[in-house]
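Q: Fold the stuff below for me.
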Amino acid sequence: MKLALAVAFLLAPGSAQAPSFAPSEAPAALRQAVARADEAIRAAACSLEREFGEGDPDANAAQCSAVNVPAGVRYGRTSARLRNPDNAPPRWARAYLEATDGKKAAAVSPIAFDLGDRVGLLRPIEIRKRCLACHAPLGQVEKSTREWLASAYPKDRSFGYKLGDLRGFWWAEAGKAP
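A: Presented below is the predicted three-dimensional model:
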């Protein structure tokens, strides 16, 4: 239901947004591209989880073993409230990011977009306990961390989150033809 409302909003008259669908409901002609985009996101997320040490190491190792970014797939992380301007969302993702900002991650579904010659995929990123060291309300972030972030990201807008909030999305674009 939530996904259907978001899709209806995105496809409203006057919207320039690409047609969208749940990844599990991808049309047959787009399933390979969605799978390649999903594999790229999983590989990138596994790399980040190893870096930050999130979750159960044994479960992560099993989920992440032999996952590689497929050739020709672009991917990244983005948010409606950026810390790093280099992580600005692709044009096709902007409306969905704005529509979901401020929600709990559990209330936001992954979504795929038919971009013509390629497919775009967004997978939500949830604020977890470790994330709050840098993304909690500003007064709750350790002073040395705030100082470092202020020097590294002077236009940082990524504070004020609580456990379970939607932080942003992993995104990937894969061509329809492998």
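Q: Point out the other helices and strands that the longest helix along the chain packs with.
A: Longest among the helix segments of the chain by residue count, using DSSP state H, is helix 31-52. Helices and strands touching helix 31-52, by 3 or more CB pairs under 8 Å, 6 or more residues apart in numbering; DSSP states H and E, are helix 57-64, strand 74-78, strand 118-126, strand 166-175. Where you see a C-beta, it was placed from the backbone N, CA and C, and this is true even at glycine.
Q: Alpha carbons only: can I get the longest one in PDB?
A: Spelled out, it's strand 166-175. Provided in PDB are the C-alpha atoms of strand 166-175 (Å, rounded to 0.1, in the frame of the first residue of the first chain):
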ATOM      1  CA  LEU A 166      15.600   6.400   6.900                       C
ATOM      2  CA  ARG A 167      19.100   7.800   6.400                       C
ATOM      3  CA  GLY A 168      19.000   7.600   2.600                       C
ATOM      4  CA  PHE A 169      19.400   5.000  -0.100                       C
ATOM      5  CA  TRP A 170      21.800   2.800  -1.900                       C
ATOM      6  CA  TRP A 171      21.300   3.400  -5.700                       C
ATOM      7  CA  ALA A 172      22.400   1.600  -8.800                       C
ATOM      8  CA  GLU A 173      21.900   2.000 -12.500                       C
ATOM      9  CA  ALA A 174      22.200  -1.000 -14.800                       C
ATOM     10  CA  GLY A 175      21.800  -1.100 -18.600                       C
END
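Q: Sheet-wise, list the partners of it with their directions.
A: Paired with strand 166-175 in the same sheet, following DSSP bridges, are strand 74-78 (antiparallel), strand 118-126 (antiparallel).
Q: Kindly reformat the ones you listed as a markdown table containing distance to Pro89, mean neighbour count and mean pLDDT.
A: Converted to a markdown table, the strands paired with strand 166-175 look like this (distance: least, CB to CB, whole Å; neighbours: other CB atoms under 10 Å; pLDDT from 0 to 100):
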| stretch | distance to Pro89 | mean neighbour count | mean pLDDT |
| --- | --- | --- | --- |
| strand 74-78 | 4 | 19 | 93 |
| strand 118-126 | 9 | 23 | 96 |
